[in-house]
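S.K.: Predicted model follows, preceded by the sequence.
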Amino acid sequence: MDDLNALIVTPEAKMLTVLGRYFPRAFEDGSKFLHAPYARQAIDRVLDMGNHPIHLTHFNQLLHLCHEAGVSEGFFKYYFLTVPAAHPYLTSEPLPAINPDGIASVEQFDWALRRFYIDAVFYWGNIRQAYRELRSHSYEEIVEFFSSHRFPTEKMSKRGPVLPFSKIAVDDRYLIAEMACKAYAPIGSEETTHIETVLLEAYKKAGAGRIKISQLFEKDGVIAKERPAEQMMLKFGADEFMDELVENEDQLRAHVSKIAKRFSRARKAAANNTSLYLSIVNELDVYVATSMRDRADFRNMAREVEHIFKRPGLSQLNIRYFDPTMSAADGHEDKGLIECLMVKCARAVLYFAGESDTFGKDAEIAMAMSLGKPVIIYCPDTERGRQREQIFRDVHPLSRLIEFATGVATGAIVTRNPDVAAQLLERIFMNKMEYDLDHKGDSYFRVRERLTNSVVRLQTSSAIIRETFWNYYNHAP
């Protein structure tokens with residue numbers, strides 16, 4: 001019987017638990033409020049809300065008794081009495097019965113406060129500051145503020161198609177890489193390429209005759225000894241014919257020439273595509289970031305990108321996205337400028353994490369998060385990918401950065417499922433993201449994306465961090 005009684009939750013205990021989540025200083029055990037002479041009257045009024053819904057006057061009185069400033073009629077209506085039709089994300093789940101005349105249940109109270117706290121942490125990073133700014137606004141002003149943070153879904157769906165990109169066969173995508181460009185760069189005005197010159201030289205020094213091309217790259221070979229800095233680049237360029245046997249120089253030239261012709265076509269198409277990408281940078285929706293180290297990486301990346309962006313939901317929105325397997329620049333410095341511009345202009349960033357970290361791509365997602373953009377990190381569904389997913393989502397301290405313009409802490413959304421990555425993009429651009437508020441009964445609040453449980457916003461419970469941060473962030477030199 002004692003165990004059964006322990007499972008019974010009284011209406012008062014339920015109500016105090018809910019209010020304690022949002023007002024821990026007032027409703028935690030031993031608080032001054034709970035021992036105040038007016039506490040019993042305030043608690044009884046809340047318990048009676050099923051019979052007599054709490055209207056604005058009584059709500060403000062309750063706030064004042066908890067030593068909190070009151071709210072406007074517009075704030076009360078927006079958060080407690082209505083389901084907004086133009087919010088930047090879904091606010092309907094879980095949706096209790098909403099009494100338009102006042103707060104009539106603990107569920108309505110919880111739903112409204114959770115909405116405000118998510119908004120506060122998401123757009124201000126500081127619940128106190130958000131309350132100061134929003135509590136006196138009219139209903140129309142609050143609607144206008146959140147409407148301005150919505151993606152223009154209807155406008156996006158009505159866009160016409162872009163000029164068609166030059167096609168590059170999937171098996172030729174790796175030839176747009178910087179290493180391929182260096183390998184197949186012509187020497188002077190001749191048609192001879194750098195890789196052909198080096199391989200012919202190595203072939204002669206290896207004694208010529210019948211030999212497998214991979215032998216030229218052995219650790220005791222000519223290339224390893226005389227051109228160690230170029231070995232990786234040359235291997236990249238020779239990858240397709242590495243296992244071929246040659247018996248003379250002409251056969252070696254033929255293998256190189258075959259790839260060189262494909263390189264020339266792919267490079268020309270990729271350069272043209274870069275111009276086309278730049279021509280739509282003002283409409284760019286998604287910048288796709290990745291690091292591709294070998295031929296298989298390019299093939300897999302091309303197929304993954306097509307799989308994600310061919311989903312019906314994204315097709316309906318006429319999504320403009322940058323495919324890194326379809327674009328090339330004249331040099332690594334120009335490539336860096338182009339990629340920085342695209343990250344700055346894109347509405348969201350999709351990062352293919354791959355099997356290892358790279359400075360360039362990590363810098364791109366850091367830049368995107370510091371700009372406050374939605375960032376999705378897609379990790380491969382491998383043992384290493386699962387480890388990286390956990391690191392990105394739960395371990396690495398810099399998987400939460402700060403939006404420089406506002407100081408709001410931002411986090412990336414992490415998944416190993418390409419279909420979830422596509423679904424997230426659909427939800428982002430259709431303003432249908434879903435978030436949960438994670439809190440432990442103190443003032444540490446985390447906003448988690450519902451599909452992946454990734455922390456995308458937070459407010460720390462450390463008073464010294466919080467106060468120092470907000471006192472000095474906006475005044476830092």
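M.R.: Cool, got the structure. In this text, all values refer to a predicted model and were calculated from it rather than measured experimentally. Numbers count the residues shown, from 1 in each chain.

S.K.: ranges for the strands of the stretch 351-477 of the chain?
M.R.: Ranges of strands within the stretch 351-477 of the chain are 375-378, 400-402, 409-411, 413-415, 435-439, 445-449, 455-459, based on DSSP state E, counting those that start in this stretch.

S.K.: List the buried residues of the fifth one.
M.R.: Which is strand 435-439. Y435, L437, H439 (16 or more other C-beta atoms under 10 Å). In short, each C-beta sits where N, CA and C put it, glycine included.

S.K.: what's the spacing between the second one and R114?
M.R.: Here the criterion is C-beta to C-beta, to the nearest Å. By it, L437 lies 5 Å from R114.

S.K.: all strands for the stretch 101-250 of the chain, in order.
M.R.: Using DSSP E, counting those that start in this stretch, strands in the stretch 101-250 of the chain cover 211-212, 245-246.

S.K.: what's the weakest-modelled helix or strand in this structure?
M.R.: helix 2-7 (a mean of 47; mean pLDDT, DSSP states H and E).

S.K.: what helices or strands is the one helix or strand L314 maps to leaning on?
M.R.: Element membership of L314, judged by DSSP states H and E, is helix 312-316. If you count contacts as 3 or more C-beta pairs under 8 Å, 6 or more residues apart in numbering; DSSP states H and E, helix 312-316 packs onto helix 418-429.

S.K.: Lowest-confidence member of the buried residues of strand 435-439, which is it?
M.R.: Among the buried residues of strand 435-439, H439 carries the lowest pLDDT, at 84.

S.K.: Just list whatever residues bridge to that residue.
M.R.: F445 (DSSP bridges).

S.K.: Tell me what angle the next helix or strand after the least confident helix or strand of the chain forms with strand 435-439.
M.R.: Note on helix 2-7: by DSSP H and E, the next helix or strand toward the C-terminus is helix 11-22. Angle of helix 11-22 versus strand 435-439, following axes from the mean of the first three to the mean of the last three C-alpha atoms, to 10 degrees, is 100 degrees.

S.K.: orientation of helix 11-22 relative to strand 445-449 in degrees?
M.R.: Using the same axes, to 10 degrees: helix 11-22 against strand 445-449 is 90 degrees.

S.K.: Against which helices or strands is whichever helix or strand comes after helix 11-22 packed?
M.R.: Moving toward the C-terminus from helix 11-22, the next helix or strand (DSSP H and E) is helix 24-27. For helix 24-27, the elements it packs on are helix 11-22, judged by 3+ C-beta pairs under 8 Å, 6+ apart.

S.K.: Show me which positions of the helix it packs on end up buried.
M.R.: M15, L16, V18, L19, G20, R21, Y22.

S.K.: Stretch 371-389 too?
M.R.: 371-380, 385, 388-389.

S.K.: Dump those to CSV, plus distance to I127 and pLDDT.
M.R.: What follows is the buried residues of stretch 371-389, written out as CSV (distance: C-beta to C-beta, whole Å; pLDDT from 0 to 100):
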residue, distance to I127, pLDDT
L371, 23, 96
G372, 18, 95
K373, 23, 96
P374, 22, 97
V375, 23, 96
I376, 26, 96
I377, 27, 94
Y378, 31, 93
C379, 32, 90
P380, 37, 84
G385, 36, 78
R388, 32, 83
E389, 30, 85
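
S.K.: what's the distance between the residue nearest the centre of the chain and S148?
M.R.: Centroid-nearest residue in the chain: V375, 1.3 Å away (criterion: C-alpha atoms, centre = their mean). From V375 across to S148, the span is 21 Å (C-beta to C-beta).

S.K.: likewise R448?
M.R.: From R448 to S148 the distance is 24 Å (C-beta to C-beta).

S.K.: Those two: which is more packed in?
M.R.: The neighbour comparison of R448 against S148 (other C-beta atoms under 10 Å) goes to R448, with 20 against 9.

S.K.: how close does the residue lying closest to that one once chain neighbours are set aside get to R114?
M.R.: The shortest distance from R448 to any non-neighbouring residue, by C-beta to C-beta, 6 or more residues apart in numbering, is to D436 (4.9 Å). For D436, the distance to R114 equals 9 Å [C-beta to C-beta].

S.K.: low-confidence ranges in the stretch 151-300 of the chain?
M.R.: 188-190 (pLDDT under 70).

S.K.: so where do the helices sit in it?
M.R.: Secondary structure of the stretch 151-300 of the chain, counting by DSSP state H, counting those that start in this stretch: helices at 153-157, 178-183, 194-205, 222-226, 231-238, 249-279, 295-309.

S.K.: Would you format the ones you listed as a markdown table with distance to G407 included?
M.R.: Listed next are the helices of the stretch 151-300 of the chain as a markdown table, based on distance: least, C-beta to C-beta, whole Å:
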| stretch | distance to G407 |
| --- | --- |
| helix 153-157 | 28 |
| helix 178-183 | 37 |
| helix 194-205 | 49 |
| helix 222-226 | 51 |
| helix 231-238 | 42 |
| helix 249-279 | 32 |
| helix 295-309 | 32 |
